[in-house]
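Visitor: After the sequence you'll find the predicted model.
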Amino acid sequence: MNIQEVLTEKVKEAVESIFNIDLPTVEFQPTRKDFEGDITVVVFPILRFVKGNPALIGEQIGSYLKENVKEVENFNVVKGFLNIVISDAFYFHFFNDIKDTTNYGYSTVTNTDAVMVEYSSPNTNKPLHLGHIRNNLLGYSVAEILKASGKKVYKTQIVNDRGIHICKSMLAWQKYGEGKTPENTGLKGDKLVGNYYVKFDKEYKAQIADLVAAGTDPKAAEKDAPLMQEAQGMLRKWEAGDEEVVALWKKMNQWVYDGFEVTYKNLGVDFDTYYYESDTYLLGKDIVDEGLEKGVFYRKEDGSVWIDLSDEGLDEKIVLRADGTAVYMTQDIGTAIQRTKDYPDVNGMVYTVGNEQDYHFNVLFLILKKLGYTWAEQLFHLSYGMVDLPSGKMKSREGTVVDADDLMNDMTATAARISEELGKLEGYSDTEKQELYRIIGLGALKYYILKVDPKKRILFNPEESVEFQGNTGPFIQYTYARIQSILRKADFEYNTTVEPNGNEELHEKEKELLKQIQLFPGVVTSAAQNFSPALLANYTYDLVKEFNSFYQNVPILPEENLQKKIFRVQLSKKVGEIIKSSFALLGIEVPERM
RNA sequence: GGUGGCAUAGCUCAGCUGGAUAGAGCACCUGCCUUCUAAGCAGGCGGUCCUAGGUUCGAAUCCUAGUGCCAUCACCA
């Protein structure tokens, strides 16, 4: 039981005993640094039940607690705030309870329900960029956090491997590619294919310009341009299963997958299962019939099928075209249902998709609920803000994107430069150094992105954005490395339990650290409930700040009292474990040295 | 125009279900490396919490109305 739970009971007991009143809840907050105490009871809300002077009531409750609760050592009242000093013994006991717990803060799997987390889901016509990085980091991290909170998780993605945009790259390669391949150019497959997507756009725009110059209406020119006509022809052939087109499609998609695989590996993300749009794009039509029967959908005169969501404050939305072909929504309905068939233990899904699709997911979830699927109550759109550059939006076709591979390489290079300047890596081989630079560079990037509340937009300035000092990944990694250094040097038995015998006093910094450690399990839970890695990132930073203050103000290994020394080493070790656990949930590695 | 999101220090961000003088980092200024890694520590400077009303003992937080930025409202994906 943590201290807040203990005190809730005791404060109620106090109010019962002094005023003979049954108090429903007690409100706590951490005591502000400028007052003495560890935890504070806010007296004001109690005034609704007990009339009187808040300061006096605080005094009375405080006296009762000091008298009757062994954990309460002292108290003081400032205005309506009852500040309570908790005994060192309580914290000693707390620490001894958890010090040998592996995976402290994680919950074990408690129910059989699984949740499927979808993220990444790229188009296979261009390389991944910074926007995808945010998506991948968020999705991966939320999946890990859910696991740590006791859920079974399947990570998945739906690969957008078909459609007109894919045909554009294919056509451009066919026309202008001169037989170039990743093998004969040395180019990464996704990069090679992406170049032809850009090439298509360039040639296409030129054709439009020519047509417009010749007097064609701009709208019509977009449709009539020969390249667009050809691309659409190619899509029709693909849908008809034309051997040549399908072969080209397979070949070029494979190039892209090989390229993506490298990027995912460097980024440190993974998937348990994959869905491909080429397999799922026809799904959902049978569900439309089902929905018509149930009266969830209705058919208009022209044959198109709709759902009316105006009662929910939304509009009417089409779910099947008049010609009987599917729209995006149809496919998403079908895919969701397919997933619960493929993985029957799935009872909830998280979709990691940018906030530009908020409306789409509102509608999708409503439709699934109306169709009566129980798991539809457990759907969550992990909606996140765009990553913009100082120059504005990133646009693949215009080449104004921050490429994912380039960015990771740049980060690693920056980490290398800084590390070499500091020159602390004596004895490390070049391979070890390279690996370390990668860990630090990626740590900087990932932390920078994940520490921000997902729903907020990120303005990314490639020149100056990612830092290595202050509230950053490397600062936290550095603290971890410091702790490992202490553990390497602690050449004595420090694994024994230090029992408080009444003489040990906690140093103020130790106590602050213990309070912070106590918060970790709650933060994991709350990060899971809110689908927010940012909560974990910010917690870890606070913990690490506290540790560094401890480290620089309190002797650990030089401490002469053996019991104190042992306790401090154990405390440091535990902080290191929490940093490692927490960063693992963010997908960030920690180094032994740096 | 309808709907949704965001707005906190020069910059980047915290601020849990309303609670004490609004917190960090970067930048700028002071100190601290012959004791465990200075990617650090200790301190200073810096804020009409977008605006105006309202609810409350108490509002950055809740309500209303504005303003600004972004997204969305296609038989596009």
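Guide: Received the coordinates, thanks. Source: prediction; values computed, not measured. Residues are numbered from 1 along each chain as shown, chains lettered A, B, ... in the order given.
Visitor: To what extent is the residue in chain A positioned nearest to RNA strand B buried, counted in neighbours?
Guide: For chain A and RNA strand B, the shortest gap (Cβ to the nearest atom of the strand) falls at residue A:470, measuring 2.0 Å. C-beta coordinates here come from the backbone N, C-alpha and C atoms, glycine included. Neighbours of residue A:470 under the rule other Cβ atoms under 10 Å: 9.
Visitor: go on, residue A:508?
Guide: Residue A:508 has 12 nearby residues by other Cβ under 10 Å.
Visitor: just residue A:276 next, same as before
Guide: With other Cβ under 10 Å as criterion, residue A:276 counts 15.
Visitor: for it, what are its contacts?
Guide: A:158, A:159, A:161 (Cβ atoms under 8 Å, 6 or more residues apart in numbering).
Visitor: let's go with 10 Å and repeat that
Guide: A:124, A:157, A:158, A:159, A:160, A:161, A:162, A:253 (Cβ atoms under 10 Å, 6 or more residues apart in numbering).
Visitor: The third one falls within a strand, correct?
Guide: Put plainly, it is residue A:158. Yes - residue state for residue A:158 (DSSP: H, G, I helix; E, B strand; the rest coil) corresponds to a strand.
Visitor: Quick check: it touching residue A:334?
Guide: No - counting by Cβ atoms under 10 Å, residue A:158 does not reach residue A:334; the two are 11.5 Å apart.
Visitor: which residues are common contacts for these two?
Guide: Shared contacts of residue A:158 and residue A:334, counting by Cβ under 10 Å, 6+ apart, come down to residue A:280.
Visitor: My read is that the residue of chain A closest to RNA strand B contacts residue A:541, right?
Guide: Yes - assessed by Cβ under 10 Å, residue A:470 is found in contact with residue A:541 at 9.0 Å.
Visitor: how many other residues sit next to residue A:563?
Guide: 15.
Visitor: Kindly report the same for residue A:459.
Guide: So residue A:459, with other Cβ under 10 Å, has 12 neighbours.
Visitor: what residues are up against the residue of chain A closest to RNA strand B?
Guide: Applying Cβ under 10 Å, 6+ apart, the residues contacting residue A:470 are A:541, A:545.
Visitor: Local confidence estimate at it?
Guide: In the predicted model, residue A:470 carries a pLDDT score of 95.
Visitor: Could you look up the SS state of it?
Guide: Quick answer, by three-state DSSP: residue A:470 is coil.
Visitor: quick one on the thing from earlier: can you say which of the contacts of residue A:276 are buried?
Guide: A:124, A:157, A:158, A:159, A:160, A:161, A:162, A:253 (16 or more other Cβ atoms under 10 Å).
Visitor: which among those gets closest to residue A:198?
Guide: Of all those, residue A:198 sits closest to residue A:124, with 15.0 Å by Cβ to Cβ.
Visitor: That closest one contacts residue A:167, doesn't it?
Guide: No - judged on Cβ under 10 Å, residue A:124 makes no contact with residue A:167 at a distance of 11.3 Å.
Visitor: Need the overlap of contacts for the two.
Guide: residue A:249.
Visitor: what number of residues lie near residue A:222?
Guide: For residue A:222, using other Cβ under 10 Å, the count is 16.
Visitor: give the contact list for it.
Guide: A:204, A:205, A:207, A:208, A:211, A:212, A:216, A:228.
Visitor: For it, pull up the helix or strand it's in.
Guide: helix A:218-224 (DSSP states H and E).
Visitor: what helix or strand is residue A:528 on?
Guide: Assigned by DSSP H and E, residue A:528 falls in helix A:508-530.
Visitor: Could you do residue A:407 as well?
Guide: Here residue A:407 is assigned to helix A:404-422, by DSSP H and E.
Visitor: does that helix come close to RNA strand B?
Guide: Yes - contact of helix A:404-422 with RNA strand B (Cβ under 7 Å from any atom of the strand) involves A:415, A:418, A:419, A:422.
Visitor: In PyMOL, select just the buried ones from those residues.
Guide: To isolate the buried subset of those in PyMOL, counting by 16+ other Cβ under 10 Å, use the following:
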select buried, chain A and resi 415+418+419
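Visitor: Make a markdown table from the residues of helix A:404-422 next to RNA strand B and add distance to residue A:362 and pLDDT to it.
Guide: Listed next are these as a markdown table, based on distance: Cβ to Cβ, whole Å; pLDDT from 0 to 100:
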| residue | distance to residue A:362 | pLDDT |
| --- | --- | --- |
| A:415 | 41 | 95 |
| A:418 | 45 | 94 |
| A:419 | 47 | 94 |
| A:422 | 50 | 92 |
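Visitor: and the residues of helix A:404-422 next to RNA strand B, which two are the farthest apart?
Guide: Maximum distance among the residues of helix A:404-422 next to RNA strand B (Cβ to Cβ): 10.7 Å, for A:415 and A:422.
Visitor: where does the stretch 301-450 of chain A come near RNA strand B, residue by residue?
Guide: Going by Cβ under 7 Å from any atom of the strand, the residues of the stretch 301-450 of chain A near RNA strand B are A:302, A:304, A:313, A:315, A:318, A:321-323, A:327-328, A:355-360, A:385-386, A:393, A:415, A:418-419, A:422, A:424, A:440.
Visitor: just checking, which of the residues you listed belong to helices?
Guide: Using DSSP state H, the members of these that fall within helices are A:328, A:358, A:359, A:360, A:415, A:418, A:419, A:422, A:440.
Visitor: Taking those, tell me the two that lie furthest apart.
Guide: A:328 and A:422 (50.9 Å).
Visitor: Enumerate the residues of the stretch 151-300 of chain A near RNA strand B.
Guide: Residues of the stretch 151-300 of chain A lying near RNA strand B (Cβ under 7 Å from any atom of the strand): A:160, A:163, A:165, A:277, A:300.
Visitor: can you list the weak-confidence ranges in chain A?
Guide: A:1, A:500-504 (pLDDT under 70).
Visitor: And the strands in it, which stretches?
Guide: Remark: strands assigned in chain A by DSSP state E are A:28-30, A:39-42, A:72-78, A:81-86, A:114-118, A:152-159, A:273-276, A:298-299, A:305-308, A:316-320, A:346-354, A:379-384, A:387-388, A:458-459.
Visitor: any chance of those in JSON lines, with distance to residue A:593 too?
Guide: JSON lines is the format used below for the strands of chain A (distance: least, Cβ to Cβ, whole Å):
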{"stretch": "strand A:28-30", "distance to residue A:593": "34"}
{"stretch": "strand A:39-42", "distance to residue A:593": "38"}
{"stretch": "strand A:72-78", "distance to residue A:593": "41"}
{"stretch": "strand A:81-86", "distance to residue A:593": "37"}
{"stretch": "strand A:114-118", "distance to residue A:593": "34"}
{"stretch": "strand A:152-159", "distance to residue A:593": "31"}
{"stretch": "strand A:273-276", "distance to residue A:593": "37"}
{"stretch": "strand A:298-299", "distance to residue A:593": "66"}
{"stretch": "strand A:305-308", "distance to residue A:593": "59"}
{"stretch": "strand A:316-320", "distance to residue A:593": "56"}
{"stretch": "strand A:346-354", "distance to residue A:593": "34"}
{"stretch": "strand A:379-384", "distance to residue A:593": "34"}
{"stretch": "strand A:387-388", "distance to residue A:593": "32"}
{"stretch": "strand A:458-459", "distance to residue A:593": "31"}
